[in-house]
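> Attaching a predicted model along with its sequence, questions to come.
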Amino acid sequence: AQKVTQAQTEISVVEKEDVTLDCVYETRDTTYYLFWYKQPPSGELVFLIRRNSFDEQNEISGRYSWNFQKSTSSFNFTITASQVVDSAVYFCALSGGNNAGNMLTFGGGTRLMVKP
Amino acid sequence: KAGVTQTPRYLIKTRGQQVTLSCSPISGHRSVSWYQQTPGQGLQFLFEYFSETQRNKGNFPGRFSGRQFSNSRSEMNVSTLELGDSALYLCASSAGLAGGLYEQYFGPGTRLTVT
């Protein structure tokens, strides 16, 4: 069975601080994909990144960066110089190999509050 | 390109009734998945359709069902509603079915309240 754990349920920072959201996963699949989604108050899940299990390179996109470490089964997300607009709930998710279709297993989410 | 649309956006039903929710995927996308989001259980996978066939199903009772039409639009139905069915129901569309190879785009959701 697959499992995704986001131990931080809520994080509060002041604008311009850096913040890291943790994600730990469990899977027996050798091929899998990891995702991060952002859910603003409107409710829609916004896709941020997808990473496959064979690509451990870190990725940077503007103020966002992701650190994938297979050895620790972690896929952490860092926001640099946070802004009020970053306030949202962030979900880490896992998708298995081909037999799993597109089914996503989500973590419990981390609510990020960025104060001005 | 239009995104995923879901109708209705809000719905209030009474216990015991049934409800049908609709999802129109992004044009050209053939895979539609449904998720239930509640404060207690979080985001849980309901089922997935591809080319009008259910490909995967989550751990939900038979009261939850769905279907997909030839134009890829999908509906989900919940019969004999219970208070615990109150949730945000999210639909996601994807271009293909390959274990995460394709990105999934979510709609705004339908918020169902059962009284």
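Alright, I've got the coordinates. Numbering: from 1, shown residues only, chains lettered A, B, ... in the order given.

> so where is chain B shaky, pLDDT-wise?
Residues of chain B that meet the criterion pLDDT under 70 lie in B:1, B:98-100.

> How about the residues of chain B by chain A?
B:31, B:33, B:35, B:42-45, B:48, B:50, B:55-56, B:58, B:88, B:90, B:92, B:94, B:97-109, B:111 (C-beta under 8 Å from any C-beta of the partner chain). To be clear about C-beta, it is placed using only N, CA and C from the backbone, and glycine gets the same treatment.

> Those, buried ones only, as a ChimeraX selection?
A single ChimeraX command selects the buried members of the residues of chain B next to chain A (16 or more other C-beta atoms under 10 Å in any protein chain shown):
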select /B:31,33,35,42,43,44,45,48,50,55,56,58,88,90,92,94,97,98,99,100,101,102,104,105,106,107,108,109,111
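
> if you go through chain B in chain order, where are the strands?
Secondary structure of chain B (DSSP state E): strands at B:5-7, B:10-13, B:19-24, B:31-38, B:42-50, B:53-57, B:64-68, B:74-78, B:87-94, B:105-106, B:110-114.

> okay if I get the ones you listed as CSV plus distance to A:Gln83?
Below are these laid out as CSV (distance: least, C-beta to C-beta, whole Å):
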stretch, distance to A:Gln83
strand B:5-7, 29
strand B:10-13, 30
strand B:19-24, 32
strand B:31-38, 25
strand B:42-50, 25
strand B:53-57, 37
strand B:64-68, 38
strand B:74-78, 36
strand B:87-94, 26
strand B:105-106, 23
strand B:110-114, 27
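
> quick one: the most centrally placed residue in chain B and chain A, what's the gap?
By C-alpha atoms, centre = their mean, chain B has its centre lying nearest to B:Trp34, at 3.0 Å. Separation of B:Trp34 from chain A (C-beta to the nearest C-beta, to the nearest Å) stands at 11 Å.

> Excluding covalently adjacent residues, which one is nearest to that residue?
B:Leu46 (4.1 Å; C-beta to C-beta, 6 or more residues apart in numbering or on different chains).

> for A:Phe54, same thing?
A:Thr31 (7.5 Å).
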